[in-house]
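Trainee: what's the 3D shape of this:
(chains A and B)
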Amino acid sequence: MSRLRFWRRRDPLMCREFVELVTDYLEGRLPEQERLRFEAHMDGCDGCTGYLEDMRRLVTSLGEVSEPPPDPATRKALGRAFRELRME
Amino acid sequence: MEDDRVLIDRMRAGDGRAFEALVTAHDGSLRRVARTFVHTPGAADEVVQETWLGVVRGLGGFEGRSSLRTWIFRILANVARTRAAQDARSVPFSSLEVDDEPALEPSAFAADGSWASAPVRLDADPEGALLGSELRERLLEAVDELPPAQRAVITLRDIVGVPAEEVCELLDVSDGNQRVLLHRARARVRIALTSLVEGQA
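Mentor: Numbering: from 1, shown residues only, chains lettered A, B, ... in the order given. The predicted structure follows:
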């Protein structure tokens, strides 16, 4: 614990760095020590905690974008092409 | 993968409805991704059309080692690459730009690296897992304004849901560059949304 505190005091993770590590963190690509530093930073920083939360919501929301189905004419034309190509 | 197998078997047996079901499931994603590869909607439509014909022609060769979707996206990437070689206006895949700009303006931070002022928060949905509906409506616009490589990566990863490893293969970028592009893209989309939040304030 005292070693960890010493190490943190010597090399604190600042908000500027936190923001650049957000994607690596979400991707699960931070080495263990870095991940601990990253998570420890959030304990005392509402700004970064909120930034990460917004980023998670942004990514989740992008995943919720729904694609319109193809228009019936396109689908039918492709269906026709399928049958023709299968006949060759 | 089980469903893939069933669809493939039906298509190999000549079942056109199975193919139409496949088209219905993936055409929108293919079109969205194609638009990140070529510059005009017309060119994207042609790339998608050519992809579907490639799927039909290649059915016999699908071995089921990847998902059907992955296999279809590989065909799309190949079609788009061929087109890029013919059409100077298409995005050259080999030169996806990777910059090392920071995610935020340096002025967002004080000299010691802490926030200069608390970062703007994005409105959330009452359920908490998503952004508010107004911001969600603006998401795609923000994505459309990204530089091509960032747009391709965020579209494949976050909108379509293709795993990182496959995105690297499809775009022919390294694992590290894929992550840098994703990072920049998400940060830029966030900035575009924060400017909407600030505009309302």
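Trainee: And the residue of chain A that's closest to chain B?
Mentor: A:Glu67 (2.5 Å; C-beta to the nearest C-beta). Every C-beta, even on glycine, is put in place using the N, C-alpha and C of the backbone.
Trainee: For chain B, name the helix or strand with the lowest mean pLDDT.
Mentor: The weakest-scoring helix or strand in chain B, judged by mean pLDDT, DSSP states H and E, is helix B:2-12 (a mean of 88).
Trainee: one step back: just checking, the residue of chain A closest to chain B is part of a helix?
Mentor: No - according to DSSP: H, G, I helix; E, B strand; the rest coil, A:Glu67 belongs to no helix; its state is coil.
Trainee: State the pLDDT value of it.
Mentor: Note on A:Glu67: pLDDT of 86.
Trainee: ok, now B:Gly61?
Mentor: At B:Gly61, pLDDT is 88.
Trainee: quick revisit: I'd like to know how many residues surround the nearest residue to the residue of chain A closest to chain B once chain neighbours are set aside.
Mentor: Spatial nearest neighbour of A:Glu67, chain neighbours left out: B:Gly28 (2.5 Å); criterion: C-beta to C-beta, 6 or more residues apart in numbering or on different chains. Around B:Gly28 there are 18 other residues, counting by other C-beta atoms under 10 Å in any protein chain shown.
Trainee: Can you mark which positions in the least confident helix or strand of chain B are buried?
Mentor: B:4, B:7-8, B:10-11 (16 or more other C-beta atoms under 10 Å in any protein chain shown).
Trainee: Report the inter-axis angle for the very next helix or strand once past it versus helix B:2-12.
Mentor: The C-terminal neighbour of helix B:2-12 among helices and strands, as given by DSSP states H and E, is helix B:16-37. Angle, helix B:16-37 to helix B:2-12, by axes from the mean of the first three to the mean of the last three C-alpha atoms, to 10 degrees: 110 degrees.
Trainee: Output the contacting helices and strands for helix B:16-37.
Mentor: Packing partners of helix B:16-37 (3 or more C-beta pairs under 8 Å, 6 or more residues apart in numbering or on different chains; DSSP states H and E): helix A:72-87, helix B:2-12, helix B:41-58, helix B:68-86, helix B:148-154.
Trainee: coming back round to it: near chain A, list only the ones from the buried residues of helix B:2-12.
Mentor: B:Met11 (C-beta under 8 Å from any C-beta of the partner chain).
Trainee: Please enumerate the helices of chain A.
Mentor: Secondary structure of chain A (DSSP state H): helices at A:2-10, A:15-26, A:32-43, A:46-63, A:72-87.
Trainee: In a markdown table: those, plus mean pLDDT and distance to chain B.
Mentor: Shown next, in a markdown table, are these (pLDDT from 0 to 100; distance: least, C-beta to the nearest C-beta, whole Å):
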| stretch | mean pLDDT | distance to chain B |
| --- | --- | --- |
| helix A:2-10 | 48 | 14 |
| helix A:15-26 | 97 | 4 |
| helix A:32-43 | 95 | 10 |
| helix A:46-63 | 97 | 4 |
| helix A:72-87 | 88 | 4 |
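Trainee: Centre-most residue in chain B?
Mentor: Closest residue to the average C-alpha location of chain B: B:Thr155 at 1.9 Å, with C-alpha atoms, centre = their mean.
Trainee: can you pull the pLDDT of that one?
Mentor: Note on B:Thr155: pLDDT of 97.
Trainee: before we move on, what about B:Pro41?
Mentor: So, for B:Pro41, pLDDT stands at 88.
Trainee: Name the nearest residue to it, ignoring sequence neighbours.
Mentor: Among residues not flanking B:Pro41 along the chain, B:Arg35 sits closest, at 6.6 Å (C-beta to C-beta, 6+ apart).
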